[in-house]
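[1] turn this into a model:
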Amino acid sequence: MTEPVAPSPGEGAPGTGRRAAVRCAPVGLAGLPERVTVYEVGPRDGLQNEPGLVSVETKLELIERLVAAGLGVVEVTSLARPEAVPQLADAEELISRLPPMPGVRQPVLVPNLRGFERAVALGVREVSLPASATESFARANLGRSRSESLAAFAQVARRAGERGMAVRGYISMCFGDPWEGEVDPDEVVAVAHELLAMGCRELSLGDTIGVATPGAVRRLIEVLGGAGVAPSQLAVHFHDTYGQALANTLEALRSGVTTVDASAGGLGGCPFAKSASGNLATEDLLWALDGLGVWTGVDLVALAQTSLWLAGQLGRPSPSRTVQALARQLPGRA
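    All right, here's what the predicted structure looks like:
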């Protein structure tokens, strides 16, 4: 469980203008797991949609702060073509300057074999592959058909397996696509089977444009289970376009999933799907899980302070409701 929010020295004293955060005692709900792995995507998915460039120094400090807050998995960047995602064009410099972080997973997204070769040269030990459930988004995101992109990913996965590297598969547009509309769960199943067959250890189900609701989440996980893809093989990745990301996450957890993608401060979007809004905020997720008695190992206060610091670097408030609430009580923004 995350640490409860406690007053800093002097909070609540006359003239300070601060009060300690108030929350109820943890109360669990039936069907939830005891532990959840938070897969932090802020440095990659959170920053890739920024209108301006963020310095390598700021990104390095962000990653170090995230790890210090207790996050055990931090997806650090993407080795996409610099002209495709200019916000992450500094990926090689960033990776080469990352300090040793024993016990912390630092996956890197690679869109193709060239990106994988760059990752190997930089000593990366874990990669993720950006597949799509739909034909339209495969072409918009990668410039290839769905079948062509999966064939390319199979080459990457094979070479990664030869080196003992872990491979994760993202499946974007699992619920709705801005070009194709509602997505048939069977399309997700077909892509999931191909990714597992090529050696992916985990599949992240992406609601890229944030249109899912809890019933659709449960249905998709049940359909996948009926097709032989167990909840233990899945993660979920929700965007909060319609304010449903946290509700959808809790339904996924009730359905047996125990890994959740989230972005510190709720940053994010998708440069290839303009209707995608920010990711589920890691702090909002932690506030809910802490109140449910679910262990994550992440320090909510330290993470909120990190998001307040990052908001200052970006020059705008954090979209996370939890960060906004805690900002009125935390001692400073650094």
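[2] those helices in the stretch 1-150 of the chain, which residues are they?
    Per DSSP state H, counting those that start in this stretch, the stretch 1-150 of the chain carries helices over the ranges 56-68, 91-97, 113-121, 135-142, 146-162.
[3] ranking those helices by burial, who's on top?
    Across the helices of the stretch 1-150 of the chain, the average number of neighbours (mean count of other C-beta atoms under 10 Å) peaks for helix 135-142, which reaches a mean of 20. Where C-beta positions appear, they are placed from N, C-alpha and C, glycine not excepted.
[4] name the helices or strands packed onto it?
    Other helices and strands packing on helix 135-142, by 3 or more C-beta pairs under 8 Å, 6 or more residues apart in numbering; DSSP states H and E, are strand 126-132, helix 146-162.
[5] just checking, V124 touches V108?
    Yes - with contact defined as C-beta atoms under 8 Å, V124 reaches V108; the gap is 4.9 Å.
[6] which of these two has more residues huddled nearby?
    Between V124 and V108, counting by other C-beta atoms under 10 Å, V108 is the more crowded of the two (24 against 21).
[7] ok, now how distant is the more buried one from G206?
    Taking C-beta to C-beta, to the nearest Å as the measure, V108 and G206 are separated by 17 Å.
[8] same thing with E148?
    For E148, the distance to G206 - C-beta to C-beta - is 20 Å.
[9] repeat for A230
    A230 is 18 Å from G206, by C-beta to C-beta.
[10] repeat that for V301.
    V301 is 29 Å from G206, by C-beta to C-beta.
[11] more neighbours: these two, which one.
    More crowded of V301 and G206, by other C-beta under 10 Å: G206, with 29 against 21.
[12] from what I see, that one and Y170 are in contact.
    Yes - using C-beta under 8 Å, G206 is in contact with Y170, at 5.8 Å.
[13] by average pLDDT, which secondary structure element in this structure comes out worst?
    helix 135-142 (a mean of 91; mean pLDDT, DSSP states H and E).
[14] what residues does it touch?
    111-112, 130-132, 144-146, 148-149, 172-173, 177-180, 208, 272-273 (C-beta atoms under 8 Å, 6 or more residues apart in numbering).
[15] how about E148: what's its closest non-neighbour residue?
    Closest residue in space to E148, ignoring its immediate chain neighbours: A138 at 7.9 Å, by C-beta to C-beta, 6 or more residues apart in numbering.
[16] how about A212?
    F175 (4.0 Å).
[17] count of residues packed around that neighbour?
    24.
[18] check contacts around it.
    Going by C-beta under 8 Å, 6+ apart, the list of residues near F175 reads E182, V183, D207, V211, A212, A216, V217, L220.
[19] which pair of those residues spans the longest distance?
    The largest separation in the contacts of F175, counting by C-beta to C-beta, is between E182 and V217 at 14.0 Å.
[20] higher neighbour count, those two?
    Using other C-beta under 10 Å as the criterion, E182 and V217 rank with V217 on top: 26 against 10.
[21] so how far is T208 from G226?
    24 Å.
[22] more neighbours, these two?
    Using other C-beta under 10 Å as the criterion, G226 and T208 rank with T208 on top: 30 against 10.
[23] would you check that the more buried one makes contact with F238?
    No - using C-beta under 8 Å, T208 is not in contact with F238, being 9.4 Å away.
[24] where does the closest residue to L32 other than its chain neighbours fall, phi/psi-wise?
    Leaving out its chain neighbours, the residue that sits closest to L32 by C-beta to C-beta, 6+ apart is L253, at 5.4 Å. Per-residue torsions, L253: phi -60, psi -40 (degrees, to the nearest 10).
[25] go on, D184?
    phi -70, psi 130.
[26] per-residue confidence at it?
    Note for D184: predicted pLDDT of 97.
[27] quick one: contacts for it?
    D184 makes contact with no residue, according to C-beta under 8 Å, 6+ apart.
[28] ok, back up a step: shared neighbours of G206 and Y170, which are they?
    Residues touching both G206 and Y170 (C-beta under 8 Å, 6+ apart) are H237.
[29] among the helices and strands packed on helix 135-142, which comes closest to T77?
    Across the helices and strands packed on helix 135-142, closest to T77 is strand 126-132 (C-beta to C-beta), at 10.9 Å.
[30] neighbouring strands - and their directions - for the closest one?
    Looking at strand 126-132 with DSSP bridges, its partner strands are strand 108-109 (parallel), strand 166-172 (parallel).
[31] could these be laid out in JSON lines, adding distance to E50 and mean pLDDT?
    Output for the strands paired with strand 126-132, formatted as JSON lines (distance: least, C-beta to C-beta, whole Å; pLDDT from 0 to 100):
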{"stretch": "strand 108-109", "distance to E50": "16", "mean pLDDT": "98"}
{"stretch": "strand 166-172", "distance to E50": "19", "mean pLDDT": "98"}
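[32] hmm, who's touching stretch 195-207?
    For stretch 195-207, contacts defined as C-beta under 8 Å, 6+ apart pick out 39, 128-129, 131, 150, 153-154, 157-158, 160-161, 166-176, 188, 192, 220-221, 229, 233-239, 245, 248, 252, 259, 261.
[33] please read the previous query as pertaining to stretch 42-53.
    With C-beta under 8 Å, 6+ apart, stretch 42-53 has contacts from 54, 59, 62-63, 66, 74-78, 85-88, 108-109, 261, 263-265, 267-271, 276, 278-279, 282, 314.
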